[in-house]
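# any chance you can model this:
(chains A, B and C)
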Amino acid sequence: CLPICRQAEGTGVFSPKLTGDLFSADLNPRWRRPLAAPLEPDLDTLIFQQIDLDYYLAPPQPGYQSGNVPIIRMFGVTDSGNSVCCHVHGFAPYFYVPAPNGFTSDHLSEFKRELNSVVLKDMRSNKDNISVTVLAVDITRKESMYGYHGKQISDFLRITMAMPRLIAPAKRLLELGFRFGTFPMQNYSTYEANIDFEIRFMVDSGVVGCCWIELPKGTYRVSLCQYEVDVGWTQLISHPAEGEYQRIAPLRVLSFDIECAGRKGIFPEADKDPVIQIASMVQRQGEKEPFIRTIFTLQSCSSIVGSQVLCFTKENQLLQSWAEFLRTVDADIVTGYNIQNFDLPYLLNRAATLKVNMFPYLGRVRGIKSVLRDSNFQSKQMGRRENKILNMEGRVQFDLLQVLLRDYKLRSYTLNAVSFHFLQEQKEDVQHSIITDLQNGNEQTRRRLAVYCLKDAYLPLRLLQKLMCVINYMEMARVTGVPLTYLLSRGQQIKVVSQLLRQAMKQGLVMPVVKIEGGEDYTGATVIEPEKGYYSVPIATLDFSSLYPSIMMAHNLCYTTLLQKGSAVKLGLSPEEFIKTPTGDHFVKSSVRKGLLPDILEDLLSARKRAKAELKKETDPFKKQVLDGRQLALKISANSVYGFTGAQVGKLPCLEISQSVTGFGRQMIEQTKQLVESKYTLSNGYPADAKVIYGDTDSVMVKLGVDTVSKAMEVGREAAEWVSSHFIPPIKLEFEKVYYPYLLINKKRYAGLYFSSSAETHDKMDCKGIETVRRDNCTLVANLINTCLQTILIDRDPQGAVAHAKEVISDLLCNRIDISQLVITKELTRTAQEYAGKQAHVELAERIRSTCWRTTFPLTHSTTWNSSCPSHCSGSSMSVHGCPSLLA
DNA sequence: GCCAATGCCTAA
DNA sequence: TAAGTTAGGCATTGGC
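Okay, here's the model as predicted:
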């Protein structure tokens, strides 16, 4: 009676019997997974790496209540490369409410009966014919994690519901006001009623994203082949990602790309324009090259060395065959470039248009149709993002474009630009406009198209490998405990929630549901007023490493240590037992209670230290990658904990924590400045009076009065250590680098030659906030400014920089510059379109000319910043118009 | 011409 | 339903 997970290997509904031409005749045995050795539940242990996890509803096993129950479904792969679908039974969703006064176990059944009844009554339609909504109500001893209240453990009701989707109405009804038995009407606060079911299960069973799962012999039963198993939720063993369990199974990664024969000048539309080619590459995770390269083409196509060409005379056969190919290959991870919003939706819509009814079953669960949905994702970090969503149970959709949009700030996100940026490699050059002509040509022209299409399937694999995306994402999933898919589909908060719940559970703490109401913003970090100018002396930079995490650890800032107004007195705490933060908030010290957040942060940062130590020892390049991915994931995770507490539209905001953190930070940067400037003085025997010329949040830039980089490094190191001793561990100020020379333009805008690894040669030219690093400028501006900066900092020739700027601007005025260099911002693009053709160039040139000069002039005249700027072109409105002589 | 508000993107 | 934070520069725009 359970749904059955099967990949299509010539059985079941997806018979690879030919629907016309070609497919089964060319079926390549390599496409299939390796044969699965027989599994004896009584003798064999089954171990696999879990890569995706969801749940479905199904009738319960005999002996349980009526109505459907949720069953967790884990997908994974064994060491031998066999796929596993593991149905985990017996786990039900639940949440907590505080037990009302006078509540005893005698009241449980009445509470349960009444809650069940109001939830049933609340349902508008009951098409699933649910008769029992509340499965159980139990009394447990718990404590709210929000606020310190003397470790008062009290009675909570743990309410277990029949299905995840019943949690929300039960929560709402209890919050609105609920009455049972002789107890009065009461508004209940709820705890953990907003936790995704998958996360709930993972937290409770110690499963983290992408971890290895062991089913001991005798605990599971096998239903069909390639390891489809059933197990009780308390019987599976989840292995922490340590030692041998850091490894990654030989996952099958499929990358694909489609080509459509669009009409001239019109973006292809699935209800009109045919799919003419689909290229696919399959690679085992960890191997260097794909072991399957295929191209499905409409009409004949000449052969291509190293690739299998499959030609179809009818488009519907091409589509159906490709779907069968996907199911046969049984990919664990599906990738490509913009497959999420283009290729997959297009294929699905096209298949619907052509009525290829067997197409839209792309997941690993038989009988589940893949359907398209629209999703609207919005966050302050990423803005509004509209995406298509397609369900593909058991396969992780890992669209490279989405990964890049999340993790990299690039000027262009075309596959061509991205390939060039990361691989120094270009796409095959085929203009979109000639695709249809190539298709309508002969088998040679279609071959040219196929080569192009294959490359577009290959490049995402190369990029994935180069950027170590799969490894890094897996490590992030393991570190934070969320499923891999959450990392691409959800925001930052869920990662912290997952960790918080795990930590809280250990201490019997429960997480409240807080309602969201927009409040006042709080004060952030200090930016020290810069002493603008050009410095031809070494400037040492000292940074607090992981400032916000270390503040939270040093001062034990947490939900569980926060003292509400007046509660210090009420709880009889002595002044030594709590602290007052710079914002006037109170927190108990770790001697009273150690906070959850400091615990999480310590775990993350000590794990990071371990990973870095292991990384140093490791010689195997593959394991090195894993470890590097891990240390990165750990760092990012630690840094996002602070943001989580300050997210007012979030799961558990606590501004007392976040504003205390920034408050401490402000105090510390100020104190650092004072300390450095008070010790490093002439009168203390140092070469000069040190001066902090700039600082932002966690760093200070110091002019120490020394004349060489190596001296600046030496004094910088000493100063960092000395200043550190004034702060509570693990707060630590570190010497980071020396800038020499250093050009300080404004707050958050500076450039300098960066010395860190050696005192003799600079590592790079470092630019912050200047047009060269901003993506709202055209490349011409960025290049011009970059060259000017190099001329100033490396050649130390400000006059040369001015000369260069003049030359470029003169080229611009004389139409000697390619228009493609000018267009980049939305603003300018629009202008280019409006003035399409001849006018555009003039218009753009004019705008860019003024931008270039406005930016370049302050750079090149920074030595004389506050004194001798000519009066006729001073101030921000200075432009070439007002300064004609400068253009000569 | 001055200004505040807004949009965009970055620093940390 | 879900959505990390604030500080801050600079171009543009629109009102006066």
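# residue A:412 and residue A:418 touch, don't they?
Yes: when contacts are counted by CB atoms under 8 Å, residue A:412 is listed as touching residue A:418 (7.5 Å). Just so you know, the C-beta spots here come from the backbone N, C-alpha and C atoms, and that holds for glycine as well.
# which one of those two is surrounded by more residues?
When residue A:412 and residue A:418 are compared for neighbours, residue A:418 comes out ahead with 22 against 13, by other CB atoms under 10 Å.
# how near is the more buried one to DNA strand B?
Counting by CB to the nearest atom of the strand, to the nearest Å, the separation of residue A:418 from DNA strand B is 16 Å.
# what residues does the stretch 701-850 of chain A have near DNA strand B?
A:748, A:767, A:768, A:769, A:773, A:774, A:775, A:776, A:825, A:826 (CB under 7 Å from any atom of the strand).
# pick the one among those closest to DNA strand C.
residue A:748 (5.3 Å; CB to the nearest atom of the strand).
# and that closest one, how close does it get to residue A:764?
19 Å (CB to CB, to the nearest Å).
# picking that back up, which of the residues of the stretch 701-850 of chain A next to DNA strand B are close to DNA strand C?
Within those, those near DNA strand C by CB under 7 Å from any atom of the strand are A:748, A:769.
# what ranges does the stretch 551-700 of chain A have for its helices?
A:567-570, A:596-617, A:621-646, A:655-679 (DSSP state H, counting those that start in this stretch).
# repeat for the stretch 401-550 of chain A
Counting by DSSP H, counting those that start in this stretch, the helices of the stretch 401-550 of chain A are A:415-423, A:435-440, A:443-466, A:469-480, A:484-489, A:493-506, A:547-554.
# okay, and the helix or strand of chain A with the least pLDDT?
helix A:826-834 (a mean of 46; mean pLDDT, DSSP states H and E).
# need the pLDDT of whatever residue of the stretch 351-500 of chain A ends up closest to DNA strand C.
Residue nearest to DNA strand C within the stretch 351-500 of chain A (CB to the nearest atom of the strand): residue A:491, separated by 2.3 Å. If you check residue A:491, the pLDDT there is 91.
# then the one 3 residues further on?
Note on residue A:494: pLDDT of 96.
# likewise residue A:843?
Residue A:843 carries a pLDDT value of 66.
# which secondary structure element is home to the closest residue to residue A:364 other than its chain neighbours?
Spatially, and ignoring its direct neighbours in sequence, residue A:364 is nearest to residue A:394 (3.2 Å; CB to CB, 6 or more residues apart in numbering). For residue A:394, there is no host helix or strand (DSSP states H and E).
# look up which residues are beta-bridged to the closest residue in space to residue A:52 that isn't next to it in sequence.
Nearest residue to residue A:52, sequence neighbours excluded (CB to CB, 6+ apart): residue A:75, at 4.6 Å. Per DSSP bridges, the residues bridged to residue A:75 are residue A:52, residue A:85.
# reformat the residues of the stretch 701-850 of chain A next to DNA strand B as TSV; add secondary structure and neighbour count.
Shown next, in TSV, are these (DSSP: H, G, I helix; E, B strand; the rest coil; neighbours: other CB atoms under 10 Å):
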residue	secondary structure	neighbour count
A:748	coil	12
A:767	strand	21
A:768	strand	14
A:769	coil	15
A:773	helix	16
A:774	coil	15
A:775	coil	12
A:776	coil	12
A:825	coil	16
A:826	helix	8
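# specify which member of the residues of the stretch 701-850 of chain A next to DNA strand B is nearest to residue A:31.
residue A:775 (41.7 Å; CB to CB).
# not counting sequence-adjacent ones, nearest residue to the closest one?
Using CB to CB, 6+ apart, the nearest residue to residue A:775 is residue A:411, at 5.1 Å.
# could you check how far residue A:506 is from residue A:203?
11 Å.
# between those two, which is the more surrounded one?
residue A:203 (22 against 9).
# which other residues reach whatever helix or strand that one lives in?
Taking DSSP H and E as the criterion, the element that holds residue A:203 is helix A:197-205. With contact meaning CB atoms under 8 Å, 6 or more residues apart in numbering, helix A:197-205 is reached by A:53-55, A:70, A:72, A:88, A:91, A:93-94, A:164, A:192, A:195, A:207-209, A:233-234, A:236, A:238, A:481-483, A:494, A:497-498, A:501-502, A:505.
# from those, list just the buried residues.
A:53-55, A:70, A:72, A:88, A:91, A:93-94, A:164, A:192, A:195, A:207-209, A:233, A:236, A:238, A:481-483, A:494, A:497-498, A:501-502 (16 or more other CB atoms under 10 Å).
# can you narrow those residues to ones near DNA strand C?
Near DNA strand C, by the rule CB under 7 Å from any atom of the strand, you find residue A:494 out of the buried ones among the contacts of helix A:197-205.
# could I have the host helix or strand of residue A:743 exported to CSV, CA atoms only?
When elements are assigned from DSSP H and E, residue A:743 belongs to strand A:733-746. Written as CSV, here are the backbone C-alpha positions of strand A:733-746 (Å, rounded to 0.1, in the frame of the first residue of the first chain):
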residue,chain,number,x,y,z
LEU,A,733,42.4,41.7,17.5
GLU,A,734,44.7,40.5,14.7
PHE,A,735,47.2,42.1,12.5
GLU,A,736,45.8,41.6,9.0
LYS,A,737,47.8,43.5,6.4
VAL,A,738,49.7,46.6,5.5
TYR,A,739,48.6,49.0,2.8
TYR,A,740,51.4,50.9,1.1
PRO,A,741,50.6,53.2,-0.4
TYR,A,742,47.1,53.8,0.7
LEU,A,743,44.5,56.0,-0.9
LEU,A,744,41.6,56.9,1.4
ILE,A,745,38.8,58.5,-0.5
ASN,A,746,35.9,58.4,1.8
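# helix or strand next in line after that strand, which one?
Where DSSP H and E defines the elements, the next helix or strand beyond strand A:733-746 is strand A:749-755.
# that following strand near DNA strand C at all?
Yes: counting by CB under 7 Å from any atom of the strand, DNA strand C is contacted by strand A:749-755 at residue A:749.
# for that strand, which outside residues touch it?
For strand A:749-755, contacts defined as CB under 8 Å, 6+ apart pick out A:530, A:538-539, A:694, A:709, A:713, A:737-745, A:761-770, A:789, A:793-794.
# sheet-wise, list the partners of it with their directions.
When DSSP bridges is applied, strand A:749-755 pairs with strand A:733-746 (antiparallel), strand A:764-768 (antiparallel).
# what does the average pLDDT come to for the host helix or strand of residue A:809?
Using DSSP H and E, residue A:809 maps to helix A:798-813. Taken as a whole, helix A:798-813 has a mean pLDDT of 86.
# what do you get for stretch A:220-235?
Computed over stretch A:220-235, the average pLDDT equals 87.
# for the residue of the stretch 601-750 of chain A found nearest DNA strand C, what are its contacts?
Across the stretch 601-750 of chain A, the shortest distance to DNA strand C (CB to the nearest atom of the strand) belongs to residue A:643, at 2.1 Å. By CB under 8 Å, 6+ apart, the residues touching residue A:643 are residue A:492.
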